[in-house]
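> Sharing a model prediction with you, sequence too.
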Amino acid sequence: DGGITQSPKYLFRKEGQNVTLSCEQNLNHDAMYWYRQDPGQGLRLIYYSQIVNDFQKGDIAEGYSVSREKKESFPLTVTSAQKNPTAFYLCASSIQGFNYGYTFGSGTRLTVV
Amino acid sequence: QKEVEQDPGPLSVPEGAIVSLNCTYSNSAFQYFMWYRQYSRKGPELLMYTYSSGNKEDGRFTAQVDKSSKYISLFIRDSQPSDSATYLCAMVKNNNDMRFGAGTRLTVKP
């Protein structure tokens, strides 16, 4: 089955630690996205990538980094510079230039301990 | 002011009720409108997609767009407990510039 796989489902981070969230898709989609979801705030765009080896900052990129070395993969690193990282993180993909919506993964819940 | 406004609820209705979910937006550049359904601890799934003003029906779901009023709605007929979820409106200004509402949490009680 085609889809997006996010791992891990739950992740715990200590203060000052970097962590990486995985996102893999087998839909042959060109564009991939990372969103952060907090209660009552909807989805906020962190980073997006429309082609391999290229990515753009979204609305809340500070404290995050990404890479896009392969079409199928778009990992997100939450760095120690992100002061409030506890949230639900969602990865999505779409056909480039396609306005019919995104396919989302099942999300990663990150908690700072 | 947020570009997309959506009442977060929560909204609780009895089984069989008609549910009305709404979003307003401020930027007339939005051209494509979507509704996503998100179950607890899951990713959103695309429920309905519309482009022009008017109604679009799919089974028990009807999506309505009024571009003159900058207002979109999702109606659920004969609501079921399995419809209990958070419903997110989303809209696109240009290619892949998608903005989401905050989501409305709906509970349908048996």
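Noted; the coordinates are in hand.

> Are we agreed that residue B:72 is in a strand?
Yes. Counting by DSSP: H, G, I helix; E, B strand; the rest coil, residue B:72 is part of a strand.

> give me every residue that touches it.
Residues near residue B:72 by Cβ atoms under 8 Å, 6 or more residues apart in numbering or on different chains: B:22, B:23, B:24, B:25, B:33, B:50, B:63, B:64, B:65, B:66, B:89, B:91. Every residue, glycine included, has its C-beta placed from N, CA and C.

> State the distance from it to residue B:80.
For residue B:72, the distance to residue B:80 equals 22 Å [Cβ to Cβ, to the nearest Å].

> next one: residue B:11
If you go by Cβ to Cβ, the gap between residue B:11 and residue B:80 works out to 15 Å.

> Which one's more surrounded, those two?
Counted by other Cβ atoms under 10 Å in any protein chain shown, residue B:11 and residue B:80 do not tie: residue B:11 has more neighbours, with 15 against 12.

> Among the contacts of residue B:72, the buried ones, what's the PyMOL command?
Buried subset of the contacts of residue B:72, written as a PyMOL selection, criterion 16 or more other Cβ atoms under 10 Å in any protein chain shown:
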select buried, chain B and resi 22+23+24+25+33+50+63+64+65+89+91
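
> and the least confident of the contacts of residue B:72?
Among the contacts of residue B:72, residue B:50 carries the lowest pLDDT, at 89.

> list the contacts for that one?
Contacts for residue B:50 (Cβ under 8 Å, 6+ apart) come out as B:32, B:33, B:34, B:56, B:63, B:65, B:72.

> The residue nearest the centre of chain A: what secondary structure?
Among the residues of chain A, residue A:34 comes closest to the average C-alpha position under Cα atoms, centre = their mean, at 2.9 Å. When classified by three-state DSSP, residue A:34 comes out as strand.

> got the contacts of residue B:50 as TSV, with secondary structure columns?
Conversion of the contacts of residue B:50 to TSV gives the following (three-state DSSP):
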residue	secondary structure
B:32	strand
B:33	strand
B:34	strand
B:56	strand
B:63	strand
B:65	strand
B:72	strand
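
> of those residues, closest to residue A:101?
Comparing these against residue A:101 with Cβ to Cβ picks out residue B:34 as the nearest, at 5.1 Å.

> Assign the nearest residue to the closest one once chain neighbours are set aside to helix, strand or coil.
Excluding the flanking residues, the one nearest residue B:34 by Cβ to Cβ, 6 or more residues apart in numbering or on different chains is residue B:90, at 4.5 Å. State at residue B:90, reduced to three classes by three-state DSSP: strand.

> count of neighbours near residue B:90?
Residues lying near residue B:90 (other Cβ under 10 Å) number 25.

> Just the pLDDT for it.
Looking at residue B:90, the pLDDT reads 94.

> Same question for residue A:69.
Listed pLDDT for residue A:69 reads 97.

> Cross-check the contact I'm expecting between it and residue A:53.
Yes. Look at residue A:69 against residue A:53 with Cβ atoms under 8 Å: they come within range, at 6.9 Å.

> And the residue of chain B closest to chain A?
Closest residue of chain B to chain A, Cβ to the nearest Cβ: residue B:43 (3.4 Å).
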